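1. Just a sequence and a predicted model for now, questions to come.
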Amino acid sequence: MNYDVAGLVLAIAAAARSYAPDVWFLVRRLLGAGVRIGASALSDQPQPPVTTATPTPGGRR
């Protein structure tokens, strides 16, 4: 039983070590795509009009 568990742990560790670069590449690529999608969604929204402060008579607020 202990040898089965140790073999499974070693197999998982070897698989994680061999596939880790591909996983990190995929994660970075998905995050980059998410940022691009979010930025395009924000740029498609209408911007609120810019209001300028109008001076009041006498220069007071």
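-> That came through, no problem. Numbering: from 1, shown residues only.

2. Please identify the helix or strand for V5.
-> helix 2-44 (DSSP states H and E).

3. what residue ranges in the chain score low on pLDDT?
-> Residues of the chain meeting the criterion pLDDT under 70: 1, 55, 58-61.

4. please redo it, this time with the cut-off set to 80
-> 1-3, 44-61 (pLDDT under 80).

5. From P49, how far out is the spatially most central residue of it?
-> Centroid check for the chain by CA atoms, centre = their mean gives L31 as the closest residue, at 4.3 Å. Going from L31 to P49 by CB to CB, to the nearest Å gives 34 Å. No exception for glycine: its C-beta is placed from N, CA and C like everyone else's.

6. Please apply the same query to W24.
-> Relative to P49, and taking CB to CB, W24 is found at 44 Å.

7. Looking at the two, which is more packed in?
-> W24 (10 against 5; other CB atoms under 10 Å).

8. what's the burial count for P48?
-> Per other CB under 10 Å, the neighbour tally for P48 reads 6.

9. and it, helix, strand or coil?
-> Using DSSP: H, G, I helix; E, B strand; the rest coil, the secondary structure recorded for P48 is coil.
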